[in-house]
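S.K.: what's the 3D shape of this:
(2 chains)
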Amino acid sequence: SQQGEEDPQALSIQEGENATMNCSYKTSINNLQWYRQNSGRGLVHLILIRSNEREKHSGRLRVTLDTSKKSSSLLITASRAADTASYFCATDAGRGYSTLTFGKGTMLLVSP
Amino acid sequence: KAGVTQTPRYLIKTRGQQVTLSCSPISGHRSVSWYQQTPGQGLQFLFEYFSETQRNKGNFPGRFSGRQFSNSRSEMNVSTLELGDSALYLCASSLGAGGSAEAFFGQGTRLTVV
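M.R.: The predicted structure is shown next:
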């Protein structure tokens, strides 16, 4: 079953603009991870944020986590055409094994 | 450092046949997980192996099975294929000790059942 729900389902922006994607989940988590997928290929790991962290940065990416609201957001600043992809959040319940529960993803289109 | 390798990349099978997919994890990673991705259901967890033992299993019928070898390589098998098994099958590897580590994915195997 899907744990996370990304919002919006699709996002279309121009190069140079910022893109914000949100993710909500239902149960308690140990960490939350964001992945990118280009056109039906493998998933690329972007960033992991642990349940005791509130914000994390990696290059042009900024992730926030609000465990009280069971939500996370991914901000991509100064978007490029190469950022066009689907973005997924995945939660790890931390039950001692490596199992991720994914949302349905946000499809981001960045136009030149 | 080599990434996660999945073979084959593409497969076309007939209903009723069986198929075996292979995954070689990143060197040193002991956990291998398998996921099925379809347009309708999205990414769904199949099972996870750690040190040759299945640690967790998703909600899939018994036709889906897997195993892990002593070198951490993993295979998954689907028997009596159905049209609905057409999907992208993704394998992920992680350090796996105690869970809660980044998972690194392969490029996937695109299975088409006709």
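
S.K.: In a helix, A:Ser98, correct?
M.R.: No - going by DSSP: H, G, I helix; E, B strand; the rest coil, the assignment for A:Ser98 is coil, not a helix.

S.K.: Could you say which helix or strand holds the residue lying closest to A:Cys23 once chain neighbours are set aside?
M.R.: Taking CB to CB, 6 or more residues apart in numbering or on different chains, and ignoring the residues beside it in sequence, A:Cys23 has A:Cys89 as its nearest neighbour in space, at 3.5 Å. All C-beta atoms are positioned from the backbone trio N, CA, C, and that covers glycine. A:Cys89 belongs to strand A:85-92 when assigned by DSSP states H and E.

S.K.: Enumerate the positions of that strand that are buried.
M.R.: A:Ala85, A:Ser86, A:Tyr87, A:Phe88, A:Cys89, A:Ala90, A:Thr91, A:Asp92 (16 or more other CB atoms under 10 Å in any protein chain shown).

S.K.: could you redo those residues as JSON lines and give each row pLDDT?
M.R.: Putting the buried residues of strand A:85-92 into JSON lines (pLDDT from 0 to 100) gives the following:
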{"residue": "A:Ala85", "pLDDT": "97"}
{"residue": "A:Ser86", "pLDDT": "96"}
{"residue": "A:Tyr87", "pLDDT": "96"}
{"residue": "A:Phe88", "pLDDT": "95"}
{"residue": "A:Cys89", "pLDDT": "94"}
{"residue": "A:Ala90", "pLDDT": "92"}
{"residue": "A:Thr91", "pLDDT": "90"}
{"residue": "A:Asp92", "pLDDT": "84"}
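
S.K.: hang on, isn't A:Thr67 packed against A:Ser51?
M.R.: Yes - contact criterion CB atoms under 8 Å: A:Thr67 and A:Ser51 qualify, at 5.7 Å.

S.K.: Check the contact lists of these two and give me the overlap.
M.R.: A:Ser28, A:Ile29 (CB atoms under 8 Å, 6 or more residues apart in numbering or on different chains).

S.K.: Any idea how many residues pack against A:Val63?
M.R.: If you count neighbours by other CB atoms under 10 Å in any protein chain shown, A:Val63 ends up with 24.
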